[in-house]
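> here are the coordinates; sequence isn't available:
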């Protein structure tokens with residue numbers, strides 16, 4: 001699995017930087033950073049909506065293939081690592 005980008009945290013950092021540049025009189029840089037923050041915030045919302053859709057699909061259909069849960073052992077399921085990471089849930093792999 002690749003390193004996950006926390007878009008919400010990234011958006012907050014960009015907004016903090018934008019505020020600093022605005023205070024220092026660099027309005028153009030502040031505006032650019034604010035636009036980047038908006039993009040990151042939008043990506044965070046998209047990720048959360050995707051997870052909400054997967055949860056709803058699982059509730060309606062009883063399964064989502066490998067999108068929400070992955071097989072563990074012979075009968076049990078575990079939350080998909082990407083979904084767990086997006087929700088801030090630490091998943092330790094079973095050996």
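Sure thing, it's come through. Given the structure is predicted, the values throughout are model-derived calculations rather than measurements.
> Go through stretch 43-59 and flag the buried ones.
Using 16 or more other C-beta atoms under 10 Å as the test for burial, stretch 43-59 gives 44, 47, 51, 54. For every residue, glycine as well, the C-beta is placed using N, CA and C.
> So which elements touch the helix or strand hosting the last one?
Counting by DSSP states H and E, the element that carries residue 54 is helix 27-61. Based on contacts counted as 3 or more C-beta pairs under 8 Å, 6 or more residues apart in numbering; DSSP states H and E, the elements that helix 27-61 packs against are helix 7-23, helix 81-87.
> Any idea which of those helices has the lowest pLDDT on average?
Here the lowest mean pLDDT among the helices and strands packed on helix 27-61 goes to helix 81-87, at a mean of 74.
> What does the pLDDT read for the closest residue in space to residue 7 that isn't next to it in sequence?
Nearest residue to residue 7, sequence neighbours excluded (C-beta to C-beta, 6 or more residues apart in numbering): residue 44, at 3.7 Å. pLDDT recorded at residue 44 is 94.
> do residue 29 as well
For residue 29, the pLDDT comes out at 98.
> And the nearest residue to it once chain neighbours are set aside, how close does it get to residue 15?
What sits nearest to residue 29 in space, not counting adjacent residues and going by C-beta to C-beta, 6+ apart, is residue 21, at 4.5 Å. Noted for residue 21: a distance of 11 Å to residue 15, by C-beta to C-beta, to the nearest Å.
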